[in-house]
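# mind looking at a prediction? Sequence and model below.
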Amino acid sequence: MVWIWATIGLLVLVHILQAWWKNKKRLPPGPRGFPVFGSLHLLRDLPHRDLHRLARKYGDIMHMRLGLVPTIVVSSPQAAKLFLKTHDLVFATRPPHEGAKHLSFGQRNLSFVEYGFYWRDIRKMCTLELLSNHKINSFKSMTKEEVALFIESIQEAANNGHVAIDLSDRVSSLSVDMSCRMVLGKKYRDE
């Protein structure tokens, strides 16, 4: 009975190893890394210097695993030109993402859709309808009004004796208010 289970286990193991070997992609050289953490242990306080050191060892194009995410690092202008100009269509599509599938109608919005006819149509529509000079100029008065309120709130805080002002919250609020006024016609905080 033990021999039967051992044989079945061995066959399953051989099947898994064959599938893994067939699916193994030809990747550029790079540091091996650990099973869960990948090569994150090689990046310290100054990651750009660590990547430069690794590029001298493994070449201008190298493969690293940052955690569980396989990553290709390009370290020279010539290699970047290969990726961004020569073979740009191969790398134009974003990888499938589970969160994007649920939040963007099956990855069908401009940010997450695969490169192709649908992406070109959406991009063309956005360029013509949302980002045209006429559409942007129609929001110019609203933008001036919101920026004036933003500057007024900073001046008011300075007049009240605040030495340091947290601009990140104020800029975030300005961005949300402007977006809501463009899309919905009223500010985020309006009742």
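Perfect, thanks for sending it.
# all helices in the protein, in order from the N-terminus.
Taking DSSP state H as the test, the helices found in the chain are 2-23, 47-58, 77-81, 98-103, 117-125, 133-138, 140-159, 167-183.
# gap between the third one and the chain center?
Using C-alpha atoms, centre = their mean, to the nearest Å, the distance from the centre of helix 77-81 to the centre of the chain it belongs to is 20 Å.
# ditto for the second one
On the basis of C-alpha atoms, centre = their mean, helix 47-58 sits 22 Å off its chain's mean C-alpha point.
# buried residues in it?
For helix 47-58, a neighbour-count test (16 or more other C-beta atoms under 10 Å) marks 51, 54-55, 58 as buried. C-beta: built from backbone N, CA, C; applies to glycine.
# just checking, what packs against that helix?
strand 61-66, strand 69-74 (3 or more C-beta pairs under 8 Å, 6 or more residues apart in numbering; DSSP states H and E).
# circling back: out of the buried residues of helix 47-58, who's nearest G161?
Closest approach between the buried residues of helix 47-58 and G161, by C-beta to C-beta: L51, at 45.7 Å.
# pretty sure the closest one sits against S75.
Yes - using C-beta atoms under 8 Å, L51 is in contact with S75, at 6.6 Å.
# circling back: any idea which of the buried residues of helix 47-58 is closest to S132?
Closest to S132, out of all of these and judged by C-beta to C-beta, is L51, at 40.4 Å.
# now the closest one: closest residue in space, sequence neighbours ignored.
Nearest non-adjacent residue to L51, counting by C-beta to C-beta, 6 or more residues apart in numbering: V73, 6.0 Å away.
# and the one you found, how far from R56?
Applying C-beta to C-beta, to the nearest Å, the value for V73 to R56 is 12 Å.
# quick one: N133 from F139, how far?
N133 is 11 Å from F139, by C-beta to C-beta.
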